[in-house]
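A.B. asks: How does the following fold in three dimensions:
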Amino acid sequence: MTQKIMLSYVKLHIYFILIAISQSQNSKCKQADGRDNVDWAILYKAPGQASGKIIVSTNAGAWVDGNAELTQRDQQSFGVTLLHVVGNHAEIKFLAYNNVPPGMPSVKTKSNSKGVIIVQTTQNTDAASWIVHTVPGFPAAKTGYSWPVAENAKGHILICLTISESQINAIAASLLRAEPLVHYNDIPETETVGMQYFKKLSDGQFPTVPPYLSRQSIKTAGQPAVTVNVYSKSATSRYEIYKRVIVKALKKTIKVWSRRDNKLKGDCRVVERNIRLIKSPARVNNHDTNLDADLTNWAVSDPGNIFCLIDRPYAKNQTVQSAMAVCIDQAAIFARFNDIAAQVEDCP
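C.D. replies: Numbers count the residues shown, from 1 in each chain. This next block holds a predicted model:
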């Protein structure tokens, strides 16, 4: 083999190594099989299912089967996105919050929020994502991928939004009102210079004075960008987040899927500002779900095109609890959840 040919092989080898390194820096949402980056991904795991149904920004015309069981890290969207949350990478940093933090049983917190903010710290790179979900004790930081198998019996939603780092401060501003329990953060201050709300969040400096309500707007990184409005309230506000916050902000009727108490009913008193409760059981494509086992709380606007994931059930006691709603204005996402919301209870 001539020196010229050997040099060509070496260059080619280095090229593929560089590609592998760049692809392995997982700071963005992934398609269903975990390979390519996508602008957003939403997985709905109905009770009793091991993999769930998924839609992504490049394939949102219908719910499709998850590519692998959630107990498997590889070859499925959220397992791959979380690769360097559960493992180590010098240029992937994150902040994780969960009211049931991994390995910390019986921790008291005012919040019910769960999520991860992931940032790639590579120089001259703007890459980040925000995962919002409903799974207690997940993911555990830096200890290997471990999906809590006991949660397969329950219904869960995981949302991933690919964002630019400039959106992180607005997310933090909303989280401050929800008062989440931050159980891990290694995002360096060099990545969040000038982000006063993020610093307060990472330091646990939650506000104790008004305003008790926050409305922030962020956009995903794709083109066209998707608008996401985040509404949050502190426990001190005593606001009812569904009617007092979401309906008031959207100026529309909403259809709500949520566990509920016997005190807070549907509300049809104000024209085009109703709260209609979705009937249980329901179907996520061909997977059955029901309010006894489904831990998700979500709503769709009527008319569209807005879908909201809320971290509190539709119950009277949430007026004295902090709460947050992540509302996505995207027609395909709305359509998939509106299909599930086809049947609503009669007005009381």
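A.B. asks: Report the central residue of the protein.
C.D. replies: Nearest to the centroid of the C-alpha atoms of the chain, with distances taken as C-alpha atoms, centre = their mean, sits residue 132, at 1.8 Å.
A.B. asks: which residues pair with that one across the strands?
C.D. replies: Beta-bridge pairing for residue 132 (DSSP bridges): residue 115, residue 159.
A.B. asks: how about stretch 171-180: buried residues?
C.D. replies: Within stretch 171-180, the residues that qualify as buried by neighbour count (16 or more other C-beta atoms under 10 Å) are 171, 172, 173, 174, 175, 176, 177, 178, 179, 180. All C-beta spots, glycine's among them, are computed from the backbone N, C-alpha and C.
A.B. asks: got it, and stretch 135-154?
C.D. replies: Judged by neighbour count (16+ other C-beta under 10 Å), stretch 135-154 contains these buried residues: 135-141, 145, 147-148, 151-152, 154.
A.B. asks: closest to residue 110 among those residues?
C.D. replies: When the buried residues of stretch 135-154 are ranked by distance to residue 110 (C-beta to C-beta), residue 136 comes first, at 15.8 Å.
A.B. asks: Give the buried residues for the helix or strand in which residue 228 is found.
C.D. replies: Counting by DSSP states H and E, the secondary-structure element that holds residue 228 is strand 227-233. Residues of strand 227-233 classed as buried by neighbour count (16+ other C-beta under 10 Å): 228, 229, 230, 231, 232, 233.
A.B. asks: cool, and stretch 193-210?
C.D. replies: Of the residues in stretch 193-210, those buried by neighbour count under the rule 16+ other C-beta under 10 Å are 195, 197, 198, 200, 201, 202, 206, 207.
A.B. asks: How about stretch 298-313?
C.D. replies: Of the residues in stretch 298-313, those with enough neighbours to count as buried (16+ other C-beta under 10 Å) are 298-302, 304, 306-313.
A.B. asks: That one: end-to-end distance?
C.D. replies: One end of stretch 298-313 to the other measures 9 Å (C-alpha to C-alpha, to the nearest Å).
A.B. asks: low pLDDT regions in this protein?
C.D. replies: Low-confidence regions of the chain, defined here as pLDDT under 70, cover residues 1-24.
A.B. asks: For it, which segments count as helices?
C.D. replies: In the chain, the helices defined using DSSP state H lie at 3-24, 77-81, 83-86, 168-178, 196-203, 248-250, 331-340.
A.B. asks: which helices and strands sit right next to the second one?
C.D. replies: With contacts defined as 3 or more C-beta pairs under 8 Å, 6 or more residues apart in numbering; DSSP states H and E, the packing partners of helix 77-81 are strand 40-45, strand 127-133, strand 156-163.
A.B. asks: of all those, which lies closest to residue 334?
C.D. replies: Counting by C-beta to C-beta, residue 334 lies closest to strand 40-45 out of the helices and strands packed on helix 77-81; the figure is 11.3 Å.
A.B. asks: The closest one: how far from the chain's middle?
C.D. replies: The chain centre lies 9 Å from the centre of strand 40-45; the measure is C-alpha atoms, centre = their mean, to the nearest Å.
A.B. asks: Could you name the helices and strands sitting against it?
C.D. replies: strand 53-56, helix 77-81, strand 156-163, helix 331-340.
A.B. asks: 6 Å - rerun?
C.D. replies: Under the contact criterion of 3 or more C-beta pairs under 6 Å, 6 or more residues apart in numbering; DSSP states H and E, the helices and strands touching strand 40-45 comprise strand 53-56, strand 156-163.
A.B. asks: most packed of these?
C.D. replies: Of the helices and strands packed on strand 40-45, the one with the most neighbours on average (mean count of other C-beta atoms under 10 Å) is strand 156-163, at a mean of 26.
A.B. asks: Name the residues that touch that strand?
C.D. replies: The set of residues that contact strand 156-163 without belonging to it, under C-beta atoms under 6 Å, 6 or more residues apart in numbering, is 28-29, 39-45, 78, 81, 128-135, 220-221, 296.
A.B. asks: and that strand with helix 331-340, angle?
C.D. replies: For the pair strand 156-163 and helix 331-340, the angle between their directions (axes from the mean of the first three to the mean of the last three C-alpha atoms, to 10 degrees) equals 170 degrees.
A.B. asks: so how far is strand 156-163 off the chain centroid?
C.D. replies: 4 Å.
A.B. asks: Using neighbour counts, pick out the buried residues of stretch 30-43.
C.D. replies: In terms of neighbour count (16+ other C-beta under 10 Å), stretch 30-43 has its buried residues at 30, 31, 32, 34, 37, 38, 39, 40, 41, 42, 43.
A.B. asks: Not counting its own residues, what contacts it?
C.D. replies: With C-beta under 6 Å, 6+ apart as the contact definition, stretch 30-43 has outside contacts at 28-29, 52, 54-58, 67, 75-77, 80-81, 158-162, 220, 222.
A.B. asks: Now with 7 Å, please.
C.D. replies: Around stretch 30-43, the neighbours that count as contacts under C-beta atoms under 7 Å, 6 or more residues apart in numbering are 28-29, 52, 54-58, 64, 66-67, 74-81, 157-162, 220-222, 226, 333.
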